[in-house]
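Colleague: Here's a sequence, model it:
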Amino acid sequence: MKRFRSLRWRLLALVELVILLAMVVLALGLSAMVRRTYLAHLEEQLAVEARLIGDALASAMASGPPEGFLDAEARRYASLLDVRVTLIGPDGIVWGESHEDRMPMENYLDRPEVQQALAEGRGTSIRFSHTVGYEMMYMAVPVEAGGRVVGIARVALPLRQVQANVARLQRTVGLMAVLFLGLVGLIVFLRLAPTIGAIGDLSDALGRLAAGDLDARVLPRTDDELGDLARAYNRMADRLRETIRAFQEEQARLSGLLERMTDGVLITDGEGRVRLINPAAARMLGVSPQEALGRSFIQIAWDHRLVGLWEESRERGQEGVGLIEMGPRRPVFHAVVTPLEGEEGAALVLLQDLTRVRELETVRRDFVANVSHELRTPLATLKALVETLREGALEDPQAARRFLERMEGEVNRLDRLVGELLELARIEAGRMPLQMAQVAVAEVVGPPVEDLRPLAERAGLTLTVHLAPDLPQILVDVDGMRRTVANLVHNAIQFTPSGGVTVRAERVGDEVVISVRDTGVGIAPEDLSRIFERFYKPRGSRSGGAGLGLAIARHIVLAHGGRIWAESTEGQGSTFYVALPVGE
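Modeller: The predicted structure follows:
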């Protein structure tokens with residue numbers, strides 16, 4: 001059914017319809033003309049025949065209606081002329097009838113043809129005859145004798161022959177119309193085939209282009225306007241493909257830029273709905289890009305200060321800048337809202353996450369405070385000892401020696417603190433060279449444990465080492481890893497009042513895991529996540545250290561591509577783990 005709704009069939013149907021209407025009008029016109037011509041000819045023929053009968057029977061009709069004579073004459077003339085003959089007296093009484101019994105017939109004086117004949121000398125009428133049961137043409141002429149009208153001679157002929165002739169003509173015209181329609185349809189179909197084909201090709205190409213096929217082209221079939229249209233379409237498609245590809249490349253670059261930007265970018269339309277948002281902005285606002293698109297900016301910007309800055313900038317039509325601080329441990333944004341031209345109320349929102357900067361400022365501030373605090377105690381002690389010596393303690397050799405020993409201890413403490421700070425600074429800056437070598441795990445664990453064994457014995461603790469058999473070698477900086485193990489073992493001894501410290505090493509998958517377990521006081525859960533921070537000391541700690549040992553150990557392990565973590569139960573002890581990749 002679809003093909004019959006095509007342009008080709010619609011044009012063909014239109015042409016055929018016009019021709020059909022023309023043929024119908026022609027057939028009707030010809031039929032009417034033939035009917036009129038035939039009827040006029042028949043009318044003249046009947047008039048001649050009626051006058052002939054009237055002239056022949058004038059003398060008989062002048063003497064009155066002879067009984068039965070006129071009926072016989074009417075039948076005789078009817079047989080000769082093949083018509084119906086009716087002879088009517090001047091008073092309208094039927095005197096003779098060729099086809100019917102005249103006795104029951106009514107008066108014919110009021111018949112139209114009779115009245116016209118008496119008035120004009122000839123009368124014609126076409127009507128349906130109830131006597132014979134079909135349509136007839138009547139022709140009546142007055143019969144005169146001696147200068148007076150002695151009767152009326154009327155002849156009638158059935159119009160079935162006329163209708164048959166007209167019907168035959170109509171059939172002939174209809175047959176000609178059908179043949180003409182077929183011939184014209186074939187000519188039109190063949191003549192329109194190239195044109196319709198070219199239009200169909202163009203339509204198909206436009207459909208493919210609209211569906212996204214940028215390579216859809218048309219082969220020109222003709223050199224007329226349709227050929228020019230096809231070539232113009234091809235040029236347009238080429239330019240459209242180049243434009244879309246350029247746009248896609250530009251969009252890809254823009255999308256890539258927005259995807260990789262660390263700053264948040266967000267665009268709202270005139271109704272305040274989000275039309276564009278990059279992953280950074282979605283991450284800062286705590287939503288996914290799919291959830292944000294199409295929603296109101298107020299729904300996704302959950303801070304009233306950010307919403308207020310956005311609304312104020314849109315209302316004033318000017319750029320707005322603000323620092324949005326969400327609170328402790330919450331993001332800090334530097335927000336810039338710029339109204340966009342071309343659409344009233346549209347705006348560009350830029351969000352710069354300053355949380356890391358604020359954290360670094362906090363770390364720097366805490367670092368300075370911690371260093372100051374760590375330096376203040378030994379410096380205050382040294383100052384007090386110097387003042388005591390100046391005030392007379394130098395005169396007492398034993399007191400002076402004791403004060404000097406304490407001063408030496410504080411100076412050593414300052415020296416260790418400064419050394420640890422310098423070492424930590426070099427490690428964090430990546431300036432500490434690692435002398436990597438393939439060594440056995442015992443070469444890393446054994447020496448620091450043996451160095452700290454006297455300290456453990458003085459504290460009344462047992463120090464045990466368990467190394468799994470067939471441990472693979474590890475690729476490490478020996479001095480750095482020994483320093484790490486020493487820090488862990490020293491801390492374990494320092495925070496274990498009784499019991500012992502166990503050092504283990506075993507292979508777990510592709511790693512060698514060194515653990516240091518103690519039976520000491522343990523670490524509170526809120527402190528466990530922060531023990532590797534610089535200067536951090538668990539609450540209640542009585543350690544005299546600066547809190548840098550674990551921070552240094554963490555940086556050394558990470559520099560080796562390893563992992564370090566701790567597990568602890570408060571009051572039952574702690575276990576520190578160092579996982580290093582196998583050096584195979």
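
Colleague: And the pLDDT for the residue located most distally from the centre of the chain?
Modeller: Here the chain reaches farthest from its C-alpha mean at S63, the gap being 108.8 Å by CA atoms, centre = their mean. Predicted confidence (pLDDT) at S63: the value is 78.

Colleague: any idea how far L240 is from it?
Modeller: S63 sits 107 Å away from L240, going by CB to CB, to the nearest Å. In this view, the C-beta of every residue, glycine as well, is placed from N, C-alpha and C.

Colleague: same check, this time on V501
Modeller: V501 sits 77 Å away from L240, taking CB to CB as the criterion.

Colleague: Show me where the stretch 1-150 of the chain has its helices.
Modeller: Under the criterion DSSP state H, counting those that start in this stretch, the stretch 1-150 of the chain contains helices at 7-62, 69-81, 112-120.

Colleague: Could you pull up the contacting residues of F333?
Modeller: Going by CB atoms under 8 Å, 6 or more residues apart in numbering, F333 touches 284, 306, 323-324, 326, 351-354.

Colleague: now it, what's its secondary structure?
Modeller: Classification of F333 by DSSP: H, G, I helix; E, B strand; the rest coil places it in strand.

Colleague: ok, now the one 5 residues further on?
Modeller: At T338 the chain is in strand, as set by three-state DSSP.

Colleague: out of the helices of the stretch 1-150 of the chain, which comes closest to G480?
Modeller: helix 7-62 (85.2 Å; CB to CB).

Colleague: could you give the angle of the closest one to helix 112-120?
Modeller: Here the directions of helix 7-62 and helix 112-120 differ by 60 degrees (axes from the mean of the first three to the mean of the last three CA atoms, to 10 degrees).

Colleague: now helix 7-62, how far from the centre of its chain.
Modeller: If you compare the mean C-alpha spot of helix 7-62 with that of the full chain, they lie 70 Å apart, counting by CA atoms, centre = their mean, to the nearest Å.

Colleague: which helices and strands sit right next to that helix?
Modeller: Packing contacts for helix 7-62, counted by 3 or more CB pairs under 8 Å, 6 or more residues apart in numbering; DSSP states H and E, involve helix 69-81, strand 84-88, strand 123-129, strand 134-145, strand 148-158, helix 160-210.

Colleague: any low-confidence regions in the stretch 201-350 of the chain?
Modeller: Flagging of the stretch 201-350 of the chain using pLDDT under 70 yields the residue ranges 221-224, 226, 258, 326-330, 342.

Colleague: At which residues are the strands of it located?
Modeller: 264-268, 274-277, 320-325, 332-339, 347-353 (DSSP state E, counting those that start in this stretch).

Colleague: Which among these is found nearest to E73?
Modeller: The nearest among those, by CB to CB, is strand 274-277 at 109.4 Å.

Colleague: Can you list the strands that the closest one pairs with?
Modeller: Strand 274-277 pairs in its sheet with strand 264-268 (antiparallel), by DSSP bridges.

Colleague: need the helices for the stretch 451-584 of the chain, in chain order.
Modeller: Using DSSP H, counting those that start in this stretch, helices in the stretch 451-584 of the chain cover 478-494, 525-528, 549-559.

Colleague: How about the stretch 301-450 of the chain?
Modeller: Under DSSP H, counting those that start in this stretch, the stretch 301-450 of the chain gives helices at 304-316, 355-390, 397-428, 441-458.

Colleague: Using the record, which stretches count as separate domains in this structure?
Modeller: As given by automatic domain parsing, the domain ranges for the chain are 7-165, 214-260, 261-353, 358-428, 436-581.

Colleague: Take those and write them to CSV, including distance to L179.
Modeller: Below are those laid out as CSV (distance: least, CB to CB, whole Å):
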stretch, distance to L179
domain 7-165, 10
domain 214-260, 30
domain 261-353, 66
domain 358-428, 97
domain 436-581, 95
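
Colleague: Can you flag the weakest of these by average pLDDT?
Modeller: domain 358-428 (a mean of 63).

Colleague: Excluding chain neighbours, what is closest to G499?
Modeller: T519 (3.2 Å; CB to CB, 6 or more residues apart in numbering).

Colleague: Is that neighbour in contact with S498, as I believe?
Modeller: Yes: in terms of CB atoms under 8 Å, T519 counts as a neighbour of S498; the distance is 7.2 Å.

Colleague: And the two? Which one has more around it.
Modeller: Comparing T519 with S498 by neighbour count (other CB atoms under 10 Å), the higher total belongs to T519, at 19 against 9.

Colleague: Now that one. Its backbone dihedrals?
Modeller: phi -110, psi 40 (degrees, to the nearest 10).

Colleague: In contact with it, which residues are there?
Modeller: Contacts of T519 by CB under 8 Å, 6+ apart are 496, 498-501, 572-573.

Colleague: try 7 Å this time
Modeller: Neighbouring residues of T519 by CB atoms under 7 Å, 6 or more residues apart in numbering: 496, 499-500, 573.

Colleague: By neighbour count, sort out the buried ones in those.
Modeller: 496, 500, 573 (16 or more other CB atoms under 10 Å).

Colleague: Roughly how far does the residue lying closest to the last one once chain neighbours are set aside sit from P454?
Modeller: In this structure, G573 finds its nearest non-sequential neighbour in T519, 4.4 Å apart by CB to CB, 6+ apart. With distances defined as CB to CB, the gap from T519 to P454 amounts to 19 Å.

Colleague: Then G509?
Modeller: 36 Å.

Colleague: now L471
Modeller: 26 Å.

Colleague: Comparing the two, which residue is more hemmed in?
Modeller: The neighbour comparison of L471 against P454 (other CB under 10 Å) goes to L471, with 16 against 10.

Colleague: In contact with that one: list those residues for me.
Modeller: L471 neighbours (CB under 7 Å, 6+ apart): 441, 505, 507, 512.
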